[in-house]
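Colleague: With the sequence up front, the predicted model follows.
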Amino acid sequence: MVGPRATLAELADALNAAGVGVYVYEGAKGAQRWLSGAGRFTADDGARAARALSDAAPGEARRMGDAHLVRLQDCPDGAPRFMGVLRAAEGVEDFGDAGPLGRASGRGALQAHLTHLAETLPPETPVVCCVFGIDDMREFSRVYGYDAGAALAHMVGERLARALPPDAAIARVGGAKFAAAIVGDDAGAFRERAGRIAADIAHGAFDVGFGPVSVTLSIGAAVASATALASPEPFDAALAALDEACGEADGGVFVADAALDDAQSSPSAMRDGARAVMRALESNRIALAFQPVVSARPPYAVAFRECLARLQDDTGKWIAAGQFLPKIERLDLVAALDRRVLRLTIEALRAHPTERLSVNVSARTTRDRAWMRDLKAAAAANPGCVERMIVELTESAAVVDAERTRKFLDEVRALGAAIALDDFGAGYSSFRHVRDFRPDWVKIDGGFVRGVATDPDNMLFVDTLVGIARNFDMATVAEFVENQADADTLLALGVDCLQGYRFGAPELSPQWRAPQDDVADEAAGGEI
């Protein structure tokens, strides 16, 4: 019994005894601090909270499976903070006698099994760590209730257990996620197995009291040698692969590179990238490089300049954004970086009242209220600055949540800024998105621009994209223009502006900036 004047330690003891876990998650740092339940809960509940509450207002609470989540007041720098409360299940789910675990006991039990394999298998034995995610489970639970969602997940888990090899281990590691370890499969064998499992789940309906329900899976996996299994890296890589499978992977299956530590999107690389960006943000080692976008007609007057983020590493070298953004694009740090780049862009616009600048935003930033607050404050203090700003969003980022993107762009446009859709035509439904997002500029993907002077297919694509843009009264920019022949061809095809090394590389210290604005001229080349 906890008295009315209980200490924090007494409260924590009571919560532990009741099987309740309470944690605070700092979104910008990716740090999770447990107030109780640290020994009982091992899943990455902080990242789950960040995904579930990324669009929530401070103070808003939501339930996700067995977790109750609250978004706290943001940090002074706008970084999000979350509190999560979990209650331990009264029992463990029994999925029959499949595998050495026999029942889904969570990530901790699975990791213990992986460590056992590392100690007992021949070192080079291939083992697949895989994660099966039930698609659209969140929406199903909203419509039919969380009890129905829990029942459906249990039934899917039972069928997965039957579909796996007899010696495979399976564990439920989230409300709609199951993880397994399969000994002996290589990448090719697992892809075939995963295809059969996905088909079995998809073709057999489930009944949770509302009639037959069809289920599809997304499957992420990483192949590792047995010696690597004592580390959490293979399982973390499988979770990262599941994110890829939910997006662009063929057939909902994505198998990560076996060389986990060398892959740019591996968990270790993402952690290293996050630490580097965090240090740079804290020590003010983020700067802008500027690349000109020029009129397609000689004498190639500058129409605007794109602001490209640069990070100074611990050795003093300036690193191009393309080298570190892929490592943090799934983390809240990318929103913190976007906020810093926005502030630097506003400062540059204030210092140079004749310049027009464009600034890039990530998909996460379309949900970041702190970024929008900064833009609104700039518009209130100096409307002329925002009116000379272009906000760029890649087409691939824009379609992550098209409705939310449209609302975000409408807010930006209402403040006076222009909109640019980057990587236009790079594999998405360009016609529909142009209609819905109504950008002022479209930047034609560089894959269609390189070699356009000698490539009939690229000429046709560019001509088509220019026609679409002209129909919607939008200006066009061709990216990655590297020679005069391509520049001349693009002009003939009706492109309005050109960007690329033919007309200027990104510069940290361009001549148009005042000396006090200069930073060390050690920029890495390239575009985001």
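Modeller: Cool, the structure landed.
Colleague: and the closest residue in space to Tyr144 that isn't next to it in sequence, helix, strand or coil?
Modeller: Closest residue to Tyr144 apart from its sequence neighbours, by Cβ to Cβ, 6 or more residues apart in numbering: Phe210 at 5.9 Å. C-betas here are computed from N, CA, C, even on glycine. Under DSSP: H, G, I helix; E, B strand; the rest coil, Phe210 falls in the coil class.
Colleague: I'd assumed Ala148 was in contact with Phe210.
Modeller: Yes. Here Phe210 reaches Ala148: they are 6.8 Å apart, a contact under Cβ atoms under 8 Å.
Colleague: What's the local residue count around the nearest residue to Asn483 once chain neighbours are set aside?
Modeller: Of all residues not flanking Asn483 in the chain, Arg502 sits nearest, at 6.0 Å (Cβ to Cβ, 6+ apart). Using other Cβ atoms under 10 Å, Arg502 is surrounded by 17 other residues.
Colleague: where's Arg502 relative to Thr476, distance?
Modeller: Arg502 is 17 Å from Thr476, where distance means Cβ to Cβ, to the nearest Å.
Colleague: try Pro299
Modeller: In terms of Cβ to Cβ, Pro299 sits 19 Å off from Thr476.
Colleague: Neighbour count: the two, which is higher?
Modeller: Remark: of Pro299 and Thr476, Thr476 carries more neighbours, 23 against 6, as counted by other Cβ under 10 Å.
Colleague: looking at it, that one is touching Asp496, isn't it?
Modeller: Yes. Contact status for Thr476 versus Asp496: in contact at 4.9 Å, counting by Cβ under 8 Å.
Colleague: Follow the chain on from the worst-scoring helix or strand of the chain on mean pLDDT and name the next helix or strand.
Modeller: Least confident helix or strand of the chain, by mean pLDDT, DSSP states H and E, is strand 103-104 with a mean of 42. Next in sequence after strand 103-104, counting helices and strands by DSSP states H and E, comes helix 107-120.
Colleague: then the following helix or strand past that following helix to PDB, C-alphas only?
Modeller: Next helix or strand after helix 107-120 toward the C-terminus (DSSP H and E): strand 126-134. Only the C-alpha atoms of strand 126-134 are listed here, as PDB (Å, rounded to 0.1, in the frame of the first residue of the first chain):
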ATOM      1  CA  PRO A 126      23.500 -18.500 -41.400                       C
ATOM      2  CA  VAL A 127      20.500 -17.400 -39.300                       C
ATOM      3  CA  VAL A 128      17.600 -15.200 -40.500                       C
ATOM      4  CA  CYS A 129      16.200 -12.700 -38.000                       C
ATOM      5  CA  CYS A 130      12.800 -11.700 -39.300                       C
ATOM      6  CA  VAL A 131       9.900  -9.600 -38.200                       C
ATOM      7  CA  PHE A 132       6.400 -10.000 -39.500                       C
ATOM      8  CA  GLY A 133       4.100  -6.900 -39.300                       C
ATOM      9  CA  ILE A 134       0.300  -7.000 -39.800                       C
END
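Colleague: mind giving me the domain split of the chain?
Modeller: 17-87, 93-262, 283-441+500-517 (automatic domain parsing).
Colleague: Helices of the stretch 151-300 of the chain, start to end?
Modeller: 187-203, 233-247, 267-282 (DSSP state H, counting those that start in this stretch).
Colleague: residue ranges with poor pLDDT in the stretch 251-400 of the chain?
Modeller: In the predicted model, the stretch 251-400 of the chain carries pLDDT under 70 at residues 251, 257-274, 326-332, 395-396, 399-400.
Colleague: Could you rerun that using 50?
Modeller: 258-264 (pLDDT under 50).
Colleague: Return the residues in contact with Asp207.
Modeller: Val213 (Cβ atoms under 8 Å, 6 or more residues apart in numbering).
Colleague: Also Leu337?
Modeller: Residues in contact with Leu337 (Cβ under 8 Å, 6+ apart) are Val277, Leu281, Ile286, Ala309, Ile328.
Colleague: Using CSV, lay out the residues you listed together with distance to Glu411 and neighbour count.
Modeller: Shown next, in CSV, are the contacts of Leu337 (distance: Cβ to Cβ, whole Å; neighbours: other Cβ atoms under 10 Å):
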residue, distance to Glu411, neighbour count
Val277, 26, 26
Leu281, 25, 19
Ile286, 25, 19
Ala309, 22, 24
Ile328, 24, 24
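Colleague: Farthest-apart pair in these, please.
Modeller: Within the contacts of Leu337, Ile286 and Ile328 form the most distant pair, 12.5 Å apart (Cβ to Cβ).
Colleague: Would you reformat the contacts of Leu337 as a markdown table and include distance to Ala417?
Modeller: A markdown table is the format used below for these (distance: Cβ to Cβ, whole Å):
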| residue | distance to Ala417 |
| --- | --- |
| Val277 | 25 |
| Leu281 | 24 |
| Ile286 | 21 |
| Ala309 | 18 |
| Ile328 | 25 |
